[in-house]
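Engineer: Next input, structure requested:
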Amino acid sequence: MYLIFIAMTLLLYLFFLVNLIAFITIGYDKRLAIRNKRRISEKALLTWVALGGTIGSSLAMSIFRHKTQKRSYLLKLAGIVMIQILIVYFLFKNNIIKL
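Structural biologist: The predicted model follows:
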């Protein structure tokens with residue numbers, strides 16, 4: 001039981017870290033865009049989303065008003081979110097994860 005608690009705590013910290021990195025990365029890319037500097041690739045930004053940074057990335061997009069008009073990016077983001085939702089649904093439906 002104690003090992004499960006430690007594992008869940010570590011996963012929670014990892015979740016926060018990935019979302020923080022995704023948030024900072026979007027904000028930094030917006031800063032680079034304003035200064036007309038070389039930008040962070042969409043692939044890198046979406047990788048953080050796929051790794052679990054969906055909340056941090058979405059929050060940063062709203063706060064910094066970045067990538068909110070780029071349709072191709074938004075479609076890729078939505079695709080990743082849909083896949084994440086399907087994975088969570090599958091895990092709960094098959095009792096791999098229980099509440």
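Engineer: by contact count, what packs against the top helix by length along the chain?
Structural biologist: As assigned by DSSP state H, the longest helix anywhere in the chain is helix 2-34. Using 3 or more CB pairs under 8 Å, 6 or more residues apart in numbering; DSSP states H and E, the elements in contact with helix 2-34 are helix 42-48, helix 54-64. All C-beta spots, glycine's among them, are computed from the backbone N, C-alpha and C.
Engineer: can I have the longest one written out in CSV, keeping just the CAs?
Structural biologist: As requested, the backbone C-alpha atoms of helix 54-64 are provided in CSV (Å, rounded to 0.1, in the frame of the first residue of the first chain):
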residue,chain,number,x,y,z
THR,A,54,-2.3,19.2,-22.2
ILE,A,55,-3.5,21.4,-19.3
GLY,A,56,-0.3,23.5,-19.1
SER,A,57,-0.1,24.0,-22.8
SER,A,58,-3.8,24.9,-23.2
LEU,A,59,-3.6,27.3,-20.3
ALA,A,60,-0.5,29.0,-21.8
MET,A,61,-2.2,29.3,-25.1
SER,A,62,-5.0,31.1,-23.5
ILE,A,63,-2.9,33.4,-21.3
PHE,A,64,-0.3,34.3,-23.9
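Engineer: And that helix, what's buried?
Structural biologist: By neighbour count on 16 or more other CB atoms under 10 Å, the buried set for helix 54-64 is Thr54, Gly56, Ser57, Ser58, Ala60, Met61, Phe64.
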